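K.L.:
Got a predicted structure plus its sequence, pasted below:
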Amino acid sequence: MNRRGFTIIELIIVITIMGILMVLGVVNLRGTQSNARDTQRIADVQSIALNLENFYANGTAGSTTFDRYPSTGLIGKETTSLQDIDIKSLVAPGVTLTPNPSGVSTAPTPDSSLVTATCSGVCVQTTAGVTPQPTINTFVYQPLQSDGTLCTSGAQSCRKFNIYYELENATSDCPGPNNICMITSKNQ
């Protein structure tokens, strides 16, 4: 007796195995994608922090003001205040904002994922206490004066900063359940 095809049971077994392999592949792909976005977030925040340190050391073009960080007025003027910054590092991975070439924010679409921390009196400088809480789509910039109050104008002496950001996956530096990380200024 010549056999010309597969039995139903053989087909079901092959289809089941293929389905299991596809599910494993999709899960692995999603995990790899979230790890890549987290790596990009970390690189973006480090780039922003490096440009803030450059601002501290050199001020802006033609400025004689240095040895301080930009105030909360930086938001909306990131590309003009931080002259060497790559615009792409101001936009969190997966966010589809289009920064304006002029660096001036236009409502309702912001130019970057960088938002200002808000607080009254002495600011909380912990990942759990910062307001607003960062999300995977936003980075929170908290410029502070020597006494720990929020630096809201260019006339104030911003002596340090914190940048808060959230990762999709917990790490030893950004433990769960919130996966929130903090970068602090070098000149504290």
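P.N.:
That came in fine, so what should we check first?
K.L.:
And for residue 155, the neighbour number?
P.N.:
Residue 155 sits with 7 neighbouring residues when counted by other C-beta atoms under 10 Å. Placement of C-beta: from N, CA and C, glycine included.
K.L.:
what about it, distance to residue 141?
P.N.:
Distance from residue 155 to residue 141, counting by C-beta to C-beta, to the nearest Å: 18 Å.
K.L.:
next one: residue 28
P.N.:
For residue 28, the distance to residue 141 (C-beta to C-beta) stands at 35 Å.
K.L.:
out of the two, which sits in the more crowded spot?
P.N.:
Taking other C-beta under 10 Å, residue 28 and residue 141 do not tie; residue 141 has more neighbours (26 against 10).
K.L.:
so what's the backbone phi/psi at that one?
P.N.:
Here is the backbone geometry of residue 141 (degrees, to the nearest 10): phi -100, psi 130.
K.L.:
Can you check the pLDDT for it?
P.N.:
Looking at residue 141, its pLDDT is 94.
K.L.:
And for residue 96?
P.N.:
73.
K.L.:
The residue lying closest to residue 47 once chain neighbours are set aside: how many residues sit nearby?
P.N.:
Using C-beta to C-beta, 6 or more residues apart in numbering and skipping residues adjacent in sequence, the residue nearest residue 47 is residue 89, 4.0 Å away. Residues within reach of residue 89, counting by other C-beta under 10 Å, total 23.
K.L.:
can you give me the strands in the protein?
P.N.:
Per DSSP state E, the chain carries strands over the ranges 114-116, 139-144, 160-166, 180-184.
K.L.:
Report the angle between the last one and strand 160-166.
P.N.:
What separates the directions of strand 180-184 and strand 160-166 is an angle of 160 degrees, with axes from the mean of the first three to the mean of the last three C-alpha atoms, to 10 degrees.
K.L.:
tell me which residues of strand 180-184 are tucked away?
P.N.:
180, 181, 182, 183 (16 or more other C-beta atoms under 10 Å).
K.L.:
ok, and the closest non-adjacent residue to the first one?
P.N.:
For residue 180, the nearest residue in space outside its immediate sequence neighbours is residue 127; the separation is 4.1 Å by C-beta to C-beta, 6+ apart.
K.L.:
low pLDDT regions in the protein?
P.N.:
For the chain, applying pLDDT under 70 flags the ranges 1, 60-65, 97-111.
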